[in-house]
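Asker: Okay, here's the prediction I keep looking at, along with the sequence it came from:
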Amino acid sequence: MRFLARRLSALVGVLLASSMIVFGALYLAPGSPEQFLVQGRTVSPEVLAAIRSQYSLDDPLPIRYWKWLSGLFTSDLGRSLLTQQDVGALIASRIPTTLSLAAFAAVLIIAFGVGLGILAGTRGGFAERIVIFASNLGIAVPTFFAALVLMSVLSVGLGWFPVFGAGDGVVDRIWHLTLPALALSLPAIAVVARITRTAIVDESESEHVLIAVARGLPKRIILWRHTVRNSLLPVSTAVGMQIAGLIAGAFVVEYAFTLDGIGALLVNSVQRKDFAVVQAIALIMVVAFGVVNLLVDLLYAIIDPRVRLEKGRS
Amino acid sequence: MIDIDNLELSITDPESGTVKPVLKGISLSIQRGEAVGLVGESGSGKSMTLRCILGIEPRNSTVSGDIVFDGENLRALPAERMRRLRADKIALISQNPHAALNPVLPIETYLLEGMADAHRRNAQATRARAADMLEQVGIRSVDRVLKAFPHQLSGGMLQRVVIAGAISGKPGLLLADEPTTALDVTTQAEVAAILDEKRRDLGMSMIFVTHDLDLAAAVSDRLAVMRHGEIVEIGTPEQIRDSPQHPYTRMLMSIRPTLSGTPAGGTAYDGGSTAVGIPTGGGTAVARVSAAGNSASSVAAETQIGSTL
């Protein structure tokens, strides 16, 4: 429990620091919000001042940050500078698409990344060579290119999957999101498969595994309890990093498959300098990263008692 | 009990393709209930001999020769039969218990997984037996130890756990690979004594690999002195002590520290290119050898704790 409390307080600190960075960074970017709002028209200083006061742009930065931050806790993310829509509502309408896409991709990463890595690490031979080759290919191919290839072969060519849209209902959504999730997760699957294979090969050469063989333990126990289980430590870190990055990486796939998730929303908002929306999405990504990392830390503690029972140090 | 006949092992370097001979025709017979100390410097092939018996020699190694154990040639057994022998008849106690146990599993799992398979009893009985085994090796807080993870126990405590696990199946043959070298000096004697006592109680044969001639003499019926992959001399501890035949054995005897402070033997053996070190364990080796007043420089230069497995 102390472990959990320590990790949680660390997460809060990280979130606070990154919220400052998120908030501050946009004001360092070229172009100010009010200039965007007037859209290049020449306006009187009175109008400009009115706009500035409407959006509280004249307050000092720390005060604006505080207002923004306290707004977050009352789920008030501000209004879009562009459409005057409530940012919270705007994001809430988009987030299910992105979340289901990321969750789908995460499942694919765990199933295929870890699965293929275990296969390659334990079987060796032909299976290992195939996985290493495919992994190199997967790391080298950019997501947008994978998306195009998948679309042209499986959608346009074979007609198995739809080319765009997120679908309604569970089955329809899974059907619609299969190709996007596949495109999104391919590089991560490649990375995770490679790390898993290396971890298993390393672990199988460790002394305690050799001793387990010398003790005449059954192969199945040596493989799963002593080799695979122990190798999951580095693997869980890699999986966590990849999954945490999924929401940030989703915009390419959302664009390619015309999904209306927050990735696509982010791209639009950045292009139009819709500060409130960009800030909110950036913060969501940071939170997602932090939460996934916290989950990885907890998983670590479950796998390795040395982490769980460590005293004093964090 | 076990007959090793002309055992040879060489390791091929996968990159350069050079072949390095490690064992050059080891022959050794051990009777039922007999303990043989295998003594020699690091890299002389002691540990590799044990690994050949268990069939866990490194990859890239070529092995020839026969090892006959209770009428079966271990070098020609099917994998599953060999596994059963490892589980039931031949037990290994390795040098560093912290490396030998899976760090993420509790002691209980370590003991039970070895015993459940060996005896196929029900879980309750096996657990009771594990607790009993721990008591037998002098562990008092049995429940705490069973629930502990390896990193929570000292080396000496953990090596007792390993001994408990090794003898729980009453194997015919114990292979002890420097079982006390990684421990601190005060617990070395205790662990060696427990091992010796249990082996005698249960009438097991043992091959005891060590750097330490005195320790080997104390726990063994016979000593075999190994050097450069060969057994250069074999005899009872008394024979080795009183009339060592091979120059290398005489050198080992001469650098052996004695209580009187005078060298036990004559001149140092000119071992050629390799320096010879026989650490008696822990950091005291240098001091003790120096105290023996002999040409300790070559010993100090090569003094190292532990050997390559």
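Answerer: Happy to help now that I have it.
Asker: And chain A, is stretch B:53-68 touching that?
Answerer: Yes: Stretch B:53-68 is in contact with chain A by CB under 8 Å from any CB of the partner chain, via B:L54, B:I56. In short, each C-beta sits where N, CA and C put it, glycine included.
Asker: So for that stretch, mean pLDDT?
Answerer: Per-residue pLDDT over stretch B:53-68 has a mean of 93.
Asker: For that stretch, buried residues please.
Answerer: Neighbour-count burial for stretch B:53-68 flags B:I53, B:L54, B:G55, B:I56, B:E57, B:S61, B:V63, B:G65, B:I67, B:V68 (criterion: 16 or more other CB atoms under 10 Å in any protein chain shown).
Asker: For the residues you listed, work out which two are farthest apart.
Answerer: B:S61 and B:V68 (20.2 Å; CB to CB).
Asker: Which residue does chain A have closest to chain B?
Answerer: Residue nearest to chain B within chain A (CB to the nearest CB): A:G216, separated by 3.0 Å.
Asker: Need the per-residue pLDDT for that residue.
Answerer: A:G216 is assigned 92 on the pLDDT scale.
Asker: Look through the chain and tell me its longest helix.
Answerer: Just so you know, I chose chain A. Ranked by number of residues, the top helix in chain A under DSSP state H is helix A:170-204.
Asker: right idea, wrong chain: chain B
Answerer: helix B:185-202.
Asker: Which secondary structure elements does that helix sit against?
Answerer: Applying 3 or more CB pairs under 8 Å, 6 or more residues apart in numbering or on different chains; DSSP states H and E, we find helix B:185-202 packed against helix B:155-168, strand B:173-177, helix B:213-219.
Asker: and the ones you listed as JSON lines, adding mean pLDDT, mean neighbour count and distance to chain A?
Answerer: Output for the helices and strands packed on helix B:185-202, formatted as JSON lines (pLDDT from 0 to 100; neighbours: other CB atoms under 10 Å in any protein chain shown; distance: least, CB to the nearest CB, whole Å):
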{"stretch": "helix B:155-168", "mean pLDDT": "94", "mean neighbour count": "24", "distance to chain A": "8"}
{"stretch": "strand B:173-177", "mean pLDDT": "96", "mean neighbour count": "24", "distance to chain A": "8"}
{"stretch": "helix B:213-219", "mean pLDDT": "91", "mean neighbour count": "20", "distance to chain A": "21"}
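Asker: now the ones you listed in CSV, with distance to A:S44?
Answerer: Formatted as CSV, the helices and strands packed on helix B:185-202 follow (distance: least, CB to CB, whole Å):
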stretch, distance to A:S44
helix B:155-168, 82
strand B:173-177, 90
helix B:213-219, 97
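Asker: returning to that earlier point: could you give the mean pLDDT of the longest helix of chain B?
Answerer: 91.
Asker: Give the helix, strand or coil label for B:V232.
Answerer: strand (DSSP: H, G, I helix; E, B strand; the rest coil).
Asker: near chain B, which residues of the stretch 201-314 of chain A?
Answerer: Counting by CB under 8 Å from any CB, the stretch 201-314 of chain A sits next to chain B at A:206-208, A:210-219, A:221, A:225-226, A:229-230, A:303-306, A:309.
Asker: again, only using 10 Å
Answerer: A:203, A:205-219, A:221-222, A:225-227, A:229-230, A:232-233, A:302-310 (CB under 10 Å from any CB of the partner chain).
Asker: Any regions of chain A where pLDDT drops low?
Answerer: A:26, A:29-40, A:310-314 (pLDDT under 70).
Asker: domain assignment for it?
Answerer: A:2-73, A:96-308 (automatic domain parsing).
Asker: Check the offset of the first one from the chain's centre.
Answerer: Averaged C-alpha coordinates place domain A:2-73 at 23 Å from its chain's average position (CA atoms, centre = their mean, to the nearest Å).
Asker: who are the neighbours in contact with the residue nearest the centre of chain B?
Answerer: Taking CA atoms, centre = their mean as the criterion, B:D177 is the residue nearest the geometric centre of chain B, at 2.0 Å. Contact analysis of B:D177 by CB atoms under 10 Å, 6 or more residues apart in numbering or on different chains lists A:214, B:38, B:46-47, B:49-51, B:92-96, B:100, B:207-210, B:307, B:309.
Asker: who's it bridged to?
Answerer: With DSSP bridges as the criterion, B:D177 is bridged to B:V209.
Asker: Can I take it that B:G25 is in a strand?
Answerer: Yes: counting by three-state DSSP, B:G25 is found in a strand.
Asker: Check the spacing between it and B:I194 real quick.
Answerer: Remark: distance between B:G25 and B:I194 (CB to CB, to the nearest Å) = 34 Å.
Asker: which one of the two has more residues nearby?
Answerer: B:I194 (20 against 14; other CB atoms under 10 Å in any protein chain shown).
Asker: Kindly report the residues of the stretch 101-250 of chain B close to chain A.
Answerer: So far as CB under 10 Å from any CB goes, the stretch 101-250 of chain B lies against chain A at B:101-106, B:109-110, B:113-114, B:116-118, B:148-152, B:162, B:165-166, B:169, B:171, B:175, B:177.
Asker: could you redo the last one with a cut-off of 8 Å?
Answerer: Close to chain A, as judged by CB under 8 Å from any CB, the stretch 101-250 of chain B has residues B:101-106, B:109, B:113-114, B:117-118, B:149, B:151-152, B:165.
Asker: which of those residues count as buried?
Answerer: Of these, these count as buried by 16+ other CB under 10 Å: B:101-102, B:104-106, B:109, B:113-114, B:117-118, B:149, B:152, B:165.
Asker: So which of the residues you listed is the closest to A:N136?
Answerer: Closest to A:N136, out of all of those and judged by CB to CB, is B:V104, at 31.0 Å.
Asker: Confirm for me that that closest one is in contact with A:R229.
Answerer: Yes: between B:V104 and A:R229 there is a contact at 6.8 Å, judged by CB atoms under 8 Å.
Asker: which neighbours do the two share?
Answerer: A:I303 (CB atoms under 8 Å, 6 or more residues apart in numbering or on different chains).
Asker: re the thing from before, so which of the contacts of B:D177 belong to helices?
Answerer: A:A214, B:K46, B:S47, B:T49, B:L50, B:R51, B:A100.
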